[in-house]
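Undergrad: This is the structure alone, sequence omitted:
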């Protein structure tokens, strides 16, 4: 399976200025190639390279590999844009947003990520340095650092391209690693059901809830601050909002990593699989009040599900996704389904058999049951093809 390890570079001020000039030149070239692709309608790699390759090399003085990567990055961007338009992520056809996105060429930020292959980048793991191509020539002895576990994975399993990236003045290399998968557990004893929710981020059929008042209060403060800055609308407010958005995303990602790690560890320890809700299209299906919609949409549940899936695949734990319909209204004991079984958000009380339990745990039991039935019917384990280790 493929994982991406984020490695922090420690360039000197002179090295950082050269890297910045390199990224700027590569992204300007890619933006120009995107304009040519938009005007001519040529979106495939080889035909677009015939139109732009020589101009990119001469105008921006890029090497052969860098010029080819700039063209390929442009083609990949248009492929992603077409998929987003097709799947409705940019609004419905005919809407202002859809017309605005589809009516102009792709543009790249000056410090957007630039791919590097082994001809442009070499690693010296013992010295913890890299030798990297730049527009000013080959730059050697650029130091890097990272967690010990990540660096061991990098040294043993790195394959393919790495992306040079600048975020907030910090320089990173995103290296692709091919990790050997653990022997899958083809005969799980049972399934651990995981219910994603608004009050509790996740609840398992073992009775564990991952949330708490502190996290929810922090999320509420983040939303209030974000709304305040959006209403203000000044340049400083937008700059501050962007800063806090990055901080919030990093904190949420860290929490998701911790939750997923504990869930997978428990399933692996007990020889069980993991059953997750299939949350595809939840934004369109969910009928919630506005405060609840804000809370639901502000947490990256898809990210949490992908973290659980790739960690489970790495540990050999099977994962199945089940239909979440009526899991909150179904009794996990007698399987009676009724809206009145939920007298409140936290309480489940079956009107048929009288069974009473915390609502999230009752839902997780139903998910676990459905996971087992799905496994018996021959469902396969699912995991994302590419995941980032932060």
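TA: Perfect, I can see it now. Everything numeric here is computed off the predicted structure, so don't read it as measured data.
Undergrad: in which helix or strand would I find residue 74?
TA: Residue 74 is part of helix 64-86, with elements assigned from DSSP states H and E.
Undergrad: correction: residue 303
TA: Using DSSP H and E, residue 303 sits in helix 301-315.
Undergrad: after that helix, next one along is what?
TA: Per DSSP H and E, the first helix or strand lying C-terminal to helix 301-315 is strand 319-322.
Undergrad: That next one - contacts with which helices or strands?
TA: strand 273-277, helix 301-315, helix 359-376 (3 or more CB pairs under 8 Å, 6 or more residues apart in numbering; DSSP states H and E). To be clear about C-beta, it is placed using only N, CA and C from the backbone, and glycine gets the same treatment.
Undergrad: Looking at those, spot the one closest to residue 104.
TA: helix 301-315 (27.7 Å; CB to CB).
Undergrad: Is it correct that residue 353 falls within a strand?
TA: No: per DSSP: H, G, I helix; E, B strand; the rest coil, residue 353 lies outside any strand segment and is coil.
Undergrad: The nearest residue to it once chain neighbours are set aside: what secondary structure?
TA: Nearest residue to residue 353 in three dimensions, chain neighbours excluded: residue 334, at 4.3 Å (CB to CB, 6 or more residues apart in numbering). What three-state DSSP gives for residue 334 is coil.
Undergrad: How about the contacts made by residue 334?
TA: For residue 334, the contact set (CB atoms under 8 Å, 6 or more residues apart in numbering) comprises 350, 352, 353, 355.
Undergrad: buried stuff in the helix holding residue 74?
TA: Buried positions in helix 64-86, judged by neighbour count with 16 or more other CB atoms under 10 Å: 65-75, 77-78, 81.
Undergrad: Pretty sure residue 330 sits against residue 348.
TA: No: assessed by CB atoms under 8 Å, residue 330 is found out of contact with residue 348, at 9.4 Å.
Undergrad: Identify the contacts common to those two.
TA: If you check residue 330 and residue 348 against CB under 8 Å, 6+ apart, the residues they both contact are 341, 362.
Undergrad: Do you know the pLDDT at the residue nearest to residue 323 when sequence neighbours are not counted?
TA: Leaving aside its sequence neighbours, residue 323 sits nearest to residue 278 (CB to CB, 6+ apart; 6.2 Å). Residue 278 is assigned 84 on the pLDDT scale.
Undergrad: quick one: residue 278 and residue 1, what's the gap?
TA: In this view, residue 278 and residue 1 are 21 Å apart by CB to CB, to the nearest Å.
Undergrad: so who does the closest residue in space to residue 75 that isn't next to it in sequence touch?
TA: Once flanking residues are discounted, residue 75 sits nearest to residue 45: 4.8 Å by CB to CB, 6+ apart. Contacts for residue 45 (CB under 8 Å, 6+ apart) come out as 71, 72, 75.
Undergrad: Residue 27 contacts residue 108, correct?
TA: Yes: the pair residue 27 and residue 108 passes the contact test of CB under 8 Å, sitting 4.2 Å apart.
Undergrad: And the helices in the stretch 101-250 of the chain?
TA: For the stretch 101-250 of the chain, the helices defined by DSSP state H, counting those that start in this stretch cover 148-157, 213-232, 235-270.
Undergrad: Show the secondary-structure elements that the longest one is packed against.
TA: In terms of contact count using 3+ CB pairs under 8 Å, 6+ apart, helix 235-270 is assigned the packing partners strand 191-196, strand 202-204, helix 213-232, strand 273-277, helix 301-315.
Undergrad: likewise the first one?
TA: Helix 148-157 makes packing contacts with strand 2-10, strand 170-178 when contacts are defined by 3+ CB pairs under 8 Å, 6+ apart.
Undergrad: Can you add distance to residue 200 and give the ones you listed back as CSV?
TA: Below are the helices and strands packed on helix 148-157 laid out as CSV (distance: least, CB to CB, whole Å):
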stretch, distance to residue 200
strand 2-10, 28
strand 170-178, 32
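Undergrad: between those strands, which gets nearest to residue 372?
TA: Closest among the helices and strands packed on helix 148-157, using CB to CB: strand 2-10, at 28.9 Å.
Undergrad: How far does the next helix-or-strand element following that closest one sit from its chain's centre?
TA: Toward the C-terminus, strand 2-10 is succeeded by helix 13-40 as the next helix or strand (DSSP H and E). Taking CA atoms, centre = their mean, to the nearest Å, one finds helix 13-40 lying 25 Å from the centre of the chain it belongs to.
Undergrad: before we move on, the earlier item: roughly how far apart are the residue nearest to residue 323 and residue 321?
TA: Per CB to CB, residue 278 is found 4 Å from residue 321.
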